[in-house]
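Undergrad: Sequence and computational prediction follow.
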Amino acid sequence: MRNLVRFASVLFVFSSAILWVVINNRNADTNGLDTVELRFAGNYELHSFVSFPPEGGEVLNNYAGRITYDGHGHMSAIGVPARAVGLAANGSSGFSYFGNVSWDVEKQTVTHHVTGSPINGAMVGVDMVRYYEWVDGLLVLATKDSEGRVIAKFSWRKFE
């Protein structure tokens, strides 16, 4: 009987330790790739598009747009100047593309691997790196030039 009680005590301590490790590893992944992918998954509406010219200052671009991350490694984005919304002849203004997506959690980047674009065929095969952050409930994607200077920021509001 004494051995049975000792065995049960050891088993309890051992299983508690395993449970503690599992729970803490799950909580430790709050900034891991799985968490980031889940947070990105969904449909967004363009809240603002600001560009930063080389001479300084900022330009608020009046654009309408949508971006989608499907949670399976795919994305699509479309944006047009607000003045062109609803016009049949909006030409090639704006952007429209789709493709696969990957993240670098350490660098806080999301890369849009463009596989198709009905507006700009030169985009196909291009990897568009965006630096992401979450600000006041918005997904903010920044584009940088070759020197690392932010040249544009797109703020997206997720449809809930």
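TA: Yep, it's here.
Undergrad: Give the next helix or strand downstream of the helix or strand harbouring residue 50.
TA: Assigning secondary structure by DSSP states H and E places residue 50 in strand 42-51. Counting by DSSP H and E, the next helix or strand C-terminal to strand 42-51 is strand 59-61.
Undergrad: in that next one, what counts as buried?
TA: The neighbour-count criterion (16 or more other Cβ atoms under 10 Å) identifies no buried residues in strand 59-61. All C-beta spots, glycine's among them, are computed from the backbone N, C-alpha and C.
Undergrad: about what we covered before: quick one: contacts of the strand holding residue 50?
TA: 58-61, 63-69, 71, 79, 138-139, 151-159 (Cβ atoms under 8 Å, 6 or more residues apart in numbering).
Undergrad: partner strands of it, parallel or antiparallel?
TA: Sheet pairing of strand 42-51 (DSSP bridges) gives strand 59-61 (antiparallel), strand 63-69 (antiparallel), strand 150-158 (antiparallel).
Undergrad: would a markdown table of these with mean pLDDT and distance to residue 114 be doable?
TA: Converted to a markdown table, the strands paired with strand 42-51 look like this (pLDDT from 0 to 100; distance: least, Cβ to Cβ, whole Å):
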| stretch | mean pLDDT | distance to residue 114 |
| --- | --- | --- |
| strand 59-61 | 94 | 20 |
| strand 63-69 | 96 | 13 |
| strand 150-158 | 98 | 16 |
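Undergrad: With residue 37 as the reference, measure out to residue 132.
TA: 12 Å (Cβ to Cβ, to the nearest Å).
Undergrad: ugh, wrong one, residue 115
TA: The value you get for residue 115 to residue 37, if Cβ to Cβ is used, is 19 Å.
Undergrad: Relative to residue 124, which of the strands paired with strand 42-51 is closest?
TA: strand 63-69 (18.0 Å; Cβ to Cβ).
Undergrad: Which pLDDT value goes with the residue nearest the centre of the chain?
TA: Nearest residue to the geometric centre of the chain (Cα atoms, centre = their mean): residue 40, 4.6 Å. Per-residue pLDDT puts residue 40 at 96.
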